[in-house]
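# Just a sequence and a predicted model for now, questions to come.
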Amino acid sequence: MLNQPTDAQSTSDAAAGAAANAALDTSAEALRLRAELDAGLRARHACISPKFLYDALGSRLFEAICELPEYYPTRTEAAIFARHGGEIARAVGTGATLIDLGAGNCAKAASLFPLLHPFQYVPVDISADFLQDAVERLRQRFRHIEMNALGMDFSGGDWQLPDTVRHERRLFFYPGSSIGNFTPDEALAFLRRVRAQCGPDGGILIGIDLAKESAVLDAAYDDALGVTAAFNLNVLRHANRLLGADFDIRAWRHRGFYNEREGRVEMHLEARTVQQVSWRGGSRRFEAGECIHTENSYKYRPGGAVGLLEQAGFAAAGVWSDARGWFAVIHARAAVPMIGPGAMH
Ligand code: AVJ
């Protein structure tokens, strides 16, 4: 079995550690985050990046979401690893250089150590302090695995692993459907970046949430208890803190639904009545019913996910799913670039 979910410490949340305490922070990173928040609030269609969902409270609310009966992804992915872990381990092989993208507390990867027996473990997360603590504890438990924690933002376009990461047998681990926060174009660019860091003997083990009946998705992102609503609304508290904004939380309503045409779940915050909002350096009027877009969570068809990996230069070697076909864990190997007529398409 997998340990407790850790999606909260994944890519979208990459800047969480930095974002959480940025209010009084004048570091370049904090300034950049505030500028990004400011720009999103000024945009014609206002938006707030999903990475701002994960301050300290937001990360806990996401953990609570993973316990909800309606929120199936974390549980379903864990069940796939529990059921097919042996087969997955045989496919990816032991002795890999396991690169855990958005590792957070490292729990998901650590639960696979007894099966995968990696030679080297490289957890990567922008929240480096958090990572160091987690890795310190893991070192005690798995003394024979070489560990090399990296504090790095890999959500942008030009990240590169340092040479301390072994080049042989690189296996990138990207669970939790974190890829869903990227648009398909961004996802492709990201996967190409991963492919570029793989040797010819490298690969990726990725968890991807699949398209399904909209009622299931609507419930998963707008649950009966209102935990997802609290998670979404909390981004306004975060904005109040980061920007000195004066959002009245009670004046906003959570929206979470599947946009079938776009193939994604969307989260928005909708103004219940006309709102005048001010923050350090700006202000804006929101009409009643006007929305702030806070998240996209793309859902793929199995063929679409495999196609995306292939476009990025991988060859899908294994696809594992649950009985309902709600979630997929895919292992793909670095494909050898074709030379000659075969490369035409
Ligand atoms: C952490 C991005 C995978 O998209 O399902 C959960 C975040 N948002 N409920 C997802 C989330 C609303 C989650 N990811």
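Now that the structure is in, tell me what you want to look at. Numbering: from 1, shown residues only.

# Get me the contact residues on the stretch 201-345 of the chain for the ligand.
Counting by CB under 6 Å from any ligand atom, the residues of the stretch 201-345 of the chain close to the ligand are 221, 228, 295, 297. Just so you know, the C-beta spots here come from the backbone N, C-alpha and C atoms, and that holds for glycine as well.

# Test my guess that I145 contacts L116.
No - applying CB atoms under 8 Å as the test, I145 and L116 come out as separate, 9.7 Å apart.

# out of these two, which sits in the busier spot?
L116 (23 against 17; other CB atoms under 10 Å).

# related to what we said a few turns ago, for PyMOL, what selects the buried ones among the residues of the stretch 201-345 of the chain next to the ligand?
Burial among these is assessed by 16 or more other CB atoms under 10 Å; the matching PyMOL selection reads:
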select buried, resi 221+228+295+297
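
# residue ranges for the helices of this protein, please.
In the chain, the helices defined using DSSP state H lie at 16-20, 28-42, 56-65, 73-92, 107-116, 128-141, 184-196, 214-220, 227-243, 302-311.

# Compile these into JSON lines and extend it with columns for mean pLDDT.
Below are the helices of the chain laid out as JSON lines (pLDDT from 0 to 100):
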{"stretch": "helix 16-20", "mean pLDDT": "45"}
{"stretch": "helix 28-42", "mean pLDDT": "92"}
{"stretch": "helix 56-65", "mean pLDDT": "92"}
{"stretch": "helix 73-92", "mean pLDDT": "97"}
{"stretch": "helix 107-116", "mean pLDDT": "96"}
{"stretch": "helix 128-141", "mean pLDDT": "90"}
{"stretch": "helix 184-196", "mean pLDDT": "96"}
{"stretch": "helix 214-220", "mean pLDDT": "98"}
{"stretch": "helix 227-243", "mean pLDDT": "97"}
{"stretch": "helix 302-311", "mean pLDDT": "97"}
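
# now those helices in TSV, with distance to S321?
Below are the helices of the chain laid out as TSV (distance: least, CB to CB, whole Å):
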stretch	distance to S321
helix 16-20	30
helix 28-42	35
helix 56-65	22
helix 73-92	7
helix 107-116	18
helix 128-141	29
helix 184-196	19
helix 214-220	15
helix 227-243	24
helix 302-311	7
